[in-house]
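J.: Build me a model from this:
(one chain, ligands or ions: 1)
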Amino acid sequence: MSDEAEGIGSIPHAYYSREQPQTGVVLLPTQENHDPGEHPENVRRLPGVVQALQSSPEWDRLFVLAPRYARIEDALRSHTEGFVDAIEKACAQAPAWLDTDTRVSAGSFETCLLATGGVLSAVDAVAMEAYHQPDSLFTISRPPGHHSGSDRAMGFCLLNHASIAARYAQEVYGFERIAIVDWDVHHGNGTQEIHWDDPSVLFISLHQWPLYPGTGWHDEAGAGDGEGMTVNIPLPPGSGDPEYLQAVDQVVLPLVEDYRPQLLIVSAGQDGHAADPLADQLISLSGFQAMAARVTELARRLGIGMVLVHEGGYNTSTLPAIDRAILSGLGSFDVPLDDLFVPSPHLQPVDWPERLTAVIKSQRRYWSVLR
Ligand SMILES: [Zn+2]
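T.: Okay, here's the model as predicted:
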């Protein structure tokens, strides 16, 4: 802990310096009103997660926050008015498709505003100076958001929650630097697009490549004032805990620490898990716990709050255990981590070392910490 963090009047996260970090969840009461029908991103994803959490031994130690609705003006910090209107109109004529993968029902717009608002509630809870303040919160919400750009829906996503939360924190709390770390297995192309030339948001995406949506090669690094503020770590198919943790340790943590953000947002998709049907990665429950623990440790060291957003994760059977593993990393407690879906031994994808070297080489010109 730094010296100034120890005195009265310093940053609350550091000042209260609990033995264990305090974490919790934001639960979305009406998630079933966004109903795309038979679809990977469906109403069955979350109830099992909530049920597992509520019957778990750790439930009593978690903060539980109810979401509020985001305002339209919150959405308009990241999206165009025409796009937000188009989502609302499509829902009025539902069922409707916003792109080839993204289907809305009559209640989708309202549900999405509540999901976004849940992330904003979480930002308030970790960013406000208050006595009883969690270190991190995980929003158990849907639809996901990280593929949505400023003026279009894409890949099951309507509003980009992580981006809207970053801009909200800047507007309300005057934060000048926000970091968004995206470990969803797909590239967070929408978040990248919105913040492409934005020096006030460091965006780091770890994703399988090649995979949908096809973007996110290591040479995509932002432009203009935001050049070097976009960091892409394209992991080969078959990557698991060792590769993801190596990327976190060698790229994510040093860059975020060097940037010194005032808030850390994590697009915490679970579709990199070994049993996810939409991708080919091999992250285990322990791997998710370890990633969550590492970003928690970093946020505590920086004395900042952290908000995690649900994003993708499409195996309804394994989602409850993955979310418990993530929360256990955020709160430093034990949960069952036996994972029958991860092959043993793990074989390193042949092109991983070259990929990691290429990422570091691409970013070295912007980040002296990588030299
Ligand atoms: Zn995904």
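J.: does whichever residue of the stretch 101-250 of the chain sits closest to the ion count as helix, strand or coil?
T.: Residue nearest to the ion within the stretch 101-250 of the chain: residue 186 (3.6 Å; C-beta to the ion). C-beta: built from backbone N, CA, C; applies to glycine. Counting by DSSP: H, G, I helix; E, B strand; the rest coil, the backbone at residue 186 sits in coil.
J.: That one: how many residues sit nearby?
T.: When neighbours are defined as other C-beta atoms under 10 Å, residue 186 has 30 of them.
J.: now swap in residue 48 and tell me
T.: There are 16 residues near residue 48, going by other C-beta under 10 Å.
J.: So which bits of the stretch 51-200 of the chain are right by the ion?
T.: Selection of the stretch 51-200 of the chain residues close to the ion by C-beta under 5 Å from the ion yields 184, 186.
J.: can you pull out the helices in the stretch 51-200 of the chain?
T.: 72-75, 81-92, 108-127, 161-173, 189-194 (DSSP state H, counting those that start in this stretch).
J.: Is it possible to get JSON lines of those helices that adds mean neighbour count and mean pLDDT?
T.: Formatted as JSON lines, the helices of the stretch 51-200 of the chain follow (neighbours: other C-beta atoms under 10 Å; pLDDT from 0 to 100):
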{"stretch": "helix 72-75", "mean neighbour count": "18", "mean pLDDT": "98"}
{"stretch": "helix 81-92", "mean neighbour count": "16", "mean pLDDT": "98"}
{"stretch": "helix 108-127", "mean neighbour count": "25", "mean pLDDT": "98"}
{"stretch": "helix 161-173", "mean neighbour count": "25", "mean pLDDT": "98"}
{"stretch": "helix 189-194", "mean neighbour count": "26", "mean pLDDT": "98"}
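J.: Just send these back as JSON lines, with distance to residue 347 too.
T.: What follows is the helices of the stretch 51-200 of the chain, written out as JSON lines (distance: least, C-beta to C-beta, whole Å):
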{"stretch": "helix 72-75", "distance to residue 347": "44"}
{"stretch": "helix 81-92", "distance to residue 347": "43"}
{"stretch": "helix 108-127", "distance to residue 347": "37"}
{"stretch": "helix 161-173", "distance to residue 347": "32"}
{"stretch": "helix 189-194", "distance to residue 347": "29"}
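J.: who wins for proximity to residue 51 among the ones you listed?
T.: Among the helices of the stretch 51-200 of the chain, helix 108-127 comes nearest to residue 51, with 18.4 Å by C-beta to C-beta.
J.: which other helices and strands contact the closest one?
T.: strand 24-27, strand 63-65, helix 72-75, helix 81-92, strand 136-140, helix 161-173, strand 263-267, strand 305-309 (3 or more C-beta pairs under 8 Å, 6 or more residues apart in numbering; DSSP states H and E).
J.: which ones are touching residue 78?
T.: Going by C-beta atoms under 8 Å, 6 or more residues apart in numbering, residue 78 touches 150, 159, 160, 163, 164, 167, 194.
J.: next one: residue 201
T.: Taking C-beta under 8 Å, 6+ apart, one finds 163, 166, 177, 178, 179, 180, 195, 226, 229 in contact with residue 201.
J.: what about 6 Å?
T.: By C-beta atoms under 6 Å, 6 or more residues apart in numbering, the contact list for residue 201 reads 166, 178, 195.
J.: Give me the phi and psi for it.
T.: Dihedral pair for residue 201: phi -130, psi 120, per degrees, to the nearest 10.
J.: ok, back up a step: for residue 22, find the nearest of the helices of the stretch 51-200 of the chain.
T.: Nearest to residue 22, of all the helices of the stretch 51-200 of the chain, is helix 108-127, at 9.8 Å by C-beta to C-beta.
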